[in-house]
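**Q** this one's structure only:
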């Protein structure tokens, strides 16, 4: 007995396998966050599943999107920040 796959079946298997590379579980993302952050930075997109249902998609930011710094919280001092200085920075 031989099992023959038609071209259409082979094509469907290829498409499904190709897309499966971009589907990850939420737990996998949590465990390997740095790996996926690097892949997204390199241009890949991923669909994240929770309990086998799509939850969200992560993808690179379009290079045309402009980002404006509203406040740099890395410069906040241990004792807090002066409200006037914060408002002036905005």
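**A** Cool, got the structure. Because the structure is predicted, anything quoted here is derived from the model rather than measured.
**Q** what about residue 46, how many neighbours?
**A** Residue 46 is surrounded by 18 other residues when neighbours are defined as other Cβ atoms under 10 Å. In this view, the C-beta of every residue, glycine as well, is placed from N, C-alpha and C.
**Q** Ignore what I typed, I meant residue 31.
**A** Close neighbours of residue 31, defined as other Cβ under 10 Å, add up to 11.
**Q** If I look at it, what pLDDT would I see?
**A** Per-residue confidence for residue 31 comes out at a pLDDT of 96.
**Q** again, but for the one 3 residues further on
**A** Turning to residue 34, the model gives it a pLDDT of 96.
**Q** Kindly report the same for residue 1.
**A** Looking at residue 1, its pLDDT reads 43.
**Q** lowest-pLDDT helix or strand in this protein?
**A** Ranked by mean pLDDT, DSSP states H and E, the helix or strand of the chain with the weakest confidence is helix 7-20, at a mean of 61.
**Q** Spatially, what comes nearest to residue 44 if we skip its sequence neighbours?
**A** residue 22 (7.0 Å; Cβ to Cβ, 6 or more residues apart in numbering).
**Q** Name all residues that make contact with that neighbour.
**A** For residue 22, the residues meeting the contact criterion (Cβ atoms under 8 Å, 6 or more residues apart in numbering) are 44, 45, 46, 47.
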